[in-house]
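1. Quick one: sequence and predicted model below, then my questions.
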2 protein chains.
Amino acid sequence: MISSTPPPPYTAVIFTSVRTDGDAEQAAAYAATSARMVDLAEQQPGYLGMESAHERIGITVSYWQDAESARRWKAVAEHLLAQRLGRRVWYSGYRVRVAVVEREYGPQG
Amino acid sequence: MISSTPPPPYTAVIFTSVRTDGDAEQAAAYAATSARMVDLAEQQPGYLGMESAHERIGITVSYWQDAESARRWKAVAEHLLAQRLGRRVWYSGYRVRVAVVEREYGPQG
């Protein structure tokens, strides 16, 4: 649920998105691709964790050892295909913010 | 929905939380306090935007001109009270990550 990340600094990629009003087939493909991308991200070098919630907007924050491992994940072939489908079919808008986490606190529960 | 933020760098505060199984009264107080905190945050100097989604976990990302304006918001009296209620009543776990956004891209829709 809440990622256990190492002591900062590390990289956070904040992905905020708004979905299109797709049909059931598009929604199923989106759900399957999302699940696959989570599995695939977990296998990448430098992956530290991922947190995700969807309501009126979707927010996914993925955590990476450094900017380079985040950049490599962006360039993974199957992920590039998912990004293209996202832009063309699933998202009416999105924003990606690449940030360096400098400090963190709080009980993780 | 998706915040319109200025060119980086600026500060992002990533707040990830898991709610307790509260009763209806607690849920109502939480909803009212959350809405009030959004209003109050928007009035603070250096506030740039806020994005929020709740599912199994809640994710709220607030954007600030710099680390100092984020720190001042953390210290606002009414916000301190809300944070205390959060720790005691509403959240079984949470994590706060303070990060510097270095680049961003994507159509906002």
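-> Good, I have the coordinates.
2. Show me which positions of stretch A:95-103 end up buried.
-> Judged by neighbour count (16 or more other CB atoms under 10 Å in any protein chain shown), stretch A:95-103 contains these buried residues: A:95-101. Just so you know, the C-beta spots here come from the backbone N, C-alpha and C atoms, and that holds for glycine as well.
3. tally of neighbours for A:P9?
-> 13 (other CB atoms under 10 Å in any protein chain shown).
4. Isn't it up against A:A67?
-> No. A:P9 is beyond contact range of A:A67, at 10.2 Å (criterion: CB atoms under 8 Å).
5. Out of the buried residues of stretch A:95-103, list just those in strands.
-> If you go by DSSP state E, the buried residues of stretch A:95-103 have A:95-101 in strands.
6. Serialize these to CSV and add fields for distance to chain B.
-> Shown next, in CSV, are these (distance: CB to the nearest CB, whole Å):
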residue, distance to chain B
A:R95, 5
A:V96, 5
A:R97, 4
A:V98, 5
A:A99, 4
A:V100, 5
A:V101, 4
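7. mind giving me a markdown table with those residues and columns for distance to B:T33?
-> Shown next, in a markdown table, are these (distance: CB to CB, whole Å):
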| residue | distance to B:T33 |
| --- | --- |
| A:R95 | 27 |
| A:V96 | 30 |
| A:R97 | 27 |
| A:V98 | 31 |
| A:A99 | 27 |
| A:V100 | 30 |
| A:V101 | 26 |
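8. out of the residues you listed, who's nearest B:S4?
-> A:R95 (9.0 Å; CB to CB).
9. Next one: that closest one from A:E68, what distance?
-> Using CB to CB, to the nearest Å, A:R95 is found at 22 Å from A:E68.
10. just curious, which of the ones in strands among the buried residues of stretch A:95-103 is nearest to B:E55?
-> When these are compared for distance to B:E55 (CB to CB), A:R95 comes out closest, at 18.9 Å.
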